[in-house]
Structures are given as structure tokens and as C-alpha cells.
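**Q** sequence plus the predicted model coming up.
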Amino acid sequence: MSLSERLPRLWYGPRWRTLLLWPLAGAYAFAVAFRGLLYRTGWLASHRVAVPVVVVGNLTVGGTGKTPVAAWLARQLSLRGRRVGVVLRGYGGRAVPAPVVVGPDADPRQVGDEAVLHSLRRPHVVVVHPDRVAAARRAAEEGAEIVVCDDGLQHLRLARDYEIVVVDGARGFGNGLLLPAGPLRESARRLERVDAVCVTDRGAGRASPLHVQGPRLLTAAFRLGEAVNLRSGERRPLKSFRGRVTHAVAGIGNPDAFFDGLRAAGLEPVAHALPDHAALDPAALPFPAGATVLMTEKDAVKCRDAAGPDWWFVELDVAVEREAARELLAHVLERTGLTGAGVHLG
């Protein structure tokens, strides 16, 4: 087991297991606090772009569900008639010298899998670049009225009008320690300074109640939907795979969440966890040729050219309670100056 696989197991266990890493976590905490102070006092500058910016991020390393929440928000704003630009770093892609506009047919090896995933949902524009300020400016130049930044809570160079933090409802903040002794990128007290906290519910129960002061708190229910064949586009309910030998592939931040969701649907898959953003190697598949394979849509965008005839991705349905969604959207639109009549929740 590699270090990247071993550390998360330690982070979500008793604190004492990472005792030797506490000094490093203390140094990291000082660096994060000092950097934040430099931005708050103006020694380091945050840059505004020509349109409002909403950041959807997280406090922890690993999969919390921020990309599905960012995609949900972008869709809701699009349904509201707004031209939405989604910007992100482009993890898993190659470094690019200038911001790149991403289309649905883009190569995820170039721009990253999450960027292609966003583009498939058809916002006005998707732009990737490590410098989120440059990416947001390009989105505005392409006609975006509002920018949704997928990740970037800690990218303080980009000034923002609204911040949403996504928290995994099952795993929470683990042992509550900062990197590398725990999963936190910054102190959980940061929640008191954001505008909204979205807790993801995958149907497995919450590890512990989340108490926050200040921001609005809402829950996003994540449920696995239908399976879609990568080659033909055929759709099937997950229950049609019950009793069959299936292999499940997940190259996401929290692959167990996908596997647990399949089991909750009555399947008994052979699980193959990959590192986040990793792609299947066609020359060394971890399952037999001709196998029935279920994967996340994030994995599927990297397999479109090499998919077997029985490879399927499983849709992820995101649902926010109607009144909570209405209040969040109204608050976002008010804070960004885009308030208009009505809020459509499609």
C-alpha cells in the first residue's frame, strides 16, 4: 500500500495514529495562517474579474462531492437564464500556458476529467488553468455573466462574491487535524467565514452532527441513478445488474462511496479503486476482457475510446431540498447582483 493510500486510513481513525506527524501539521498550520493574514492585510492581493464569482470548495483532501455540487449550482443558474462559466484547475491534465476553453469532446489527458465532465453538462463555457484568476477572466471574455469556480477555496488570489464549502456527511473532518496529520487543508473554523455549507448525504448516515455558526447549512443527497453504456448509450436501471458478476472501477477521491452505493442497490461488485484522476490502462486491465464493468462518469470520460461492449457508467443524481435550494439560489443571486424575478428549480 502506497503512502497516498495509507494516510487517508490514518486520517479517519484515532488522532494518536498520526502523532509523529503533529509537528509537521503545526508548521503547516502556521504557514496557512500567515498566508491568510497576508491576504487579509493586503500584502498579497486578491484580484477581481469583470463578473461575480462563486467558489465551491472544501476544507479536506479527497472526495467530498464538490464537483457534483458545483455542477448542480451551475445548472440551476443556467436554468435561471444566466450564462455560467465554470472554471477549474484541470487536475489530471497537462500543464497549459494559457487558459483553455473545454468542449465536450476535449481530451481529458489534456484538460482533466472534471473539466470534460462539466462541459458535458453544457454550461455557457468551461475554462481550465492553474491560475483561477486568468481562467475566470477568460470565462468572462467568452460571455459568462457569472463564474462558478470548482475548487479554489484556498486560491485566495481570486476574489469571490460567495463561498460554498462542501463537507462529506459520512466522513466529516476525520481526526480534525491539518495536513499531513489529518485531512484538513485549513482549520474547520474557516466554516464560520463562508456563506454556505453543503453537507453531502450518500445514504450511509452521518458520522457526527455538523455544528456551524454563521453560514447557512443545507444537505445535498447523492444517489446513484441509471447505468449508461459507454458505447451505445443504452440506459438500464442498476437493479438489472443484480445477480451478475460485475466489476466496479472508481478513480475518485472517495472510491468507497461509489462501491457502497452499488452495494446499497443490491449489487455485489468486485471493487477496483484507482487513485483520484487516474485512468484505466487498456494494456493492463484489472478485470477479464468482456467483463461487465460499472464506473463513475468521471472515469467514463477517460475510457470513451477504449470501452468494452459491456462497460457502463452510473449517473449520480444530486438533490437539494426544494426550499433550501430556493433560499441558496436567492442568496447567491442577491450577493452577486443578479437578482431577478423567480427562481426555477429544474
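**A** Right, received. Where do you want to start? Numbering: from 1, shown residues only.
**Q** for the stretch 1-150 of the chain, just list every one of the helices.
**A** For the stretch 1-150 of the chain, the helices defined by DSSP state H, counting those that start in this stretch occupy 3-11, 22-40, 66-79, 108-111, 113-120, 132-141.
**Q** please identify the most buried of these.
**A** Neighbour counts (mean count of other Cβ atoms under 10 Å) averaged over each of these peak at helix 113-120, with a mean of 25. To be clear about C-beta, it is placed using only N, CA and C from the backbone, and glycine gets the same treatment.
**Q** how about residues contacting that one?
**A** 67, 70-71, 74, 86, 88, 90-93, 102-104, 106, 108, 126, 128, 150, 277, 279, 297-299, 301-302 (Cβ atoms under 8 Å, 6 or more residues apart in numbering).
**Q** next one: stretch 261-274
**A** 202-204, 222-224, 238-239, 241-242, 245-251, 255-256, 259, 280, 286-287, 294, 299, 314.
**Q** tell me the residue furthest from the middle of the chain?
**A** Distance from the C-alpha centroid of the chain, by Cα atoms, centre = their mean, peaks at G243 (31.5 Å).
**Q** where's that one relative to E268, distance?
**A** Using Cβ to Cβ, to the nearest Å, G243 is found at 9 Å from E268.
**Q** ok, V133 next?
**A** 47 Å.
**Q** list the contacts of L230.
**A** L230 neighbours (Cβ under 8 Å, 6+ apart): A300, C303, R304, A307, W311, W312, F313.
**Q** what do you get for L338?
**A** Counting by Cβ under 8 Å, 6+ apart, L338 touches P52, R82, E145, I146.
**Q** okay, it: pLDDT?
**A** As predicted, L338 sits at a pLDDT of 90.
**Q** need the three-state assignment for it.
**A** Recorded secondary structure, L338: coil (DSSP: H, G, I helix; E, B strand; the rest coil).
**Q** what about R193, neighbour count?
**A** 11 (other Cβ atoms under 10 Å).
**Q** what helix or strand is the residue nearest to P68 when sequence neighbours are not counted on?
**A** In this structure, P68 finds its nearest non-sequential neighbour in V318, 5.0 Å apart by Cβ to Cβ, 6 or more residues apart in numbering. In this assignment (DSSP states H and E), V318 forms part of strand 311-320.
**Q** buried sites along the next helix-or-strand element following that strand?
**A** Downstream of strand 311-320, the first helix or strand assigned by DSSP H and E is helix 322-335. Buried residues in helix 322-335, counting neighbours by 16 or more other Cβ atoms under 10 Å, are found at A324, A325, R326, L328, L329, V332, L333.
**Q** farthest pair within these?
**A** The most widely separated members of those are A324 and L333, with 15.1 Å between them, by Cβ to Cβ.
**Q** related to what we said a few turns ago, who's the residue nearest to P68 bridged to?
**A** F222 (DSSP bridges).
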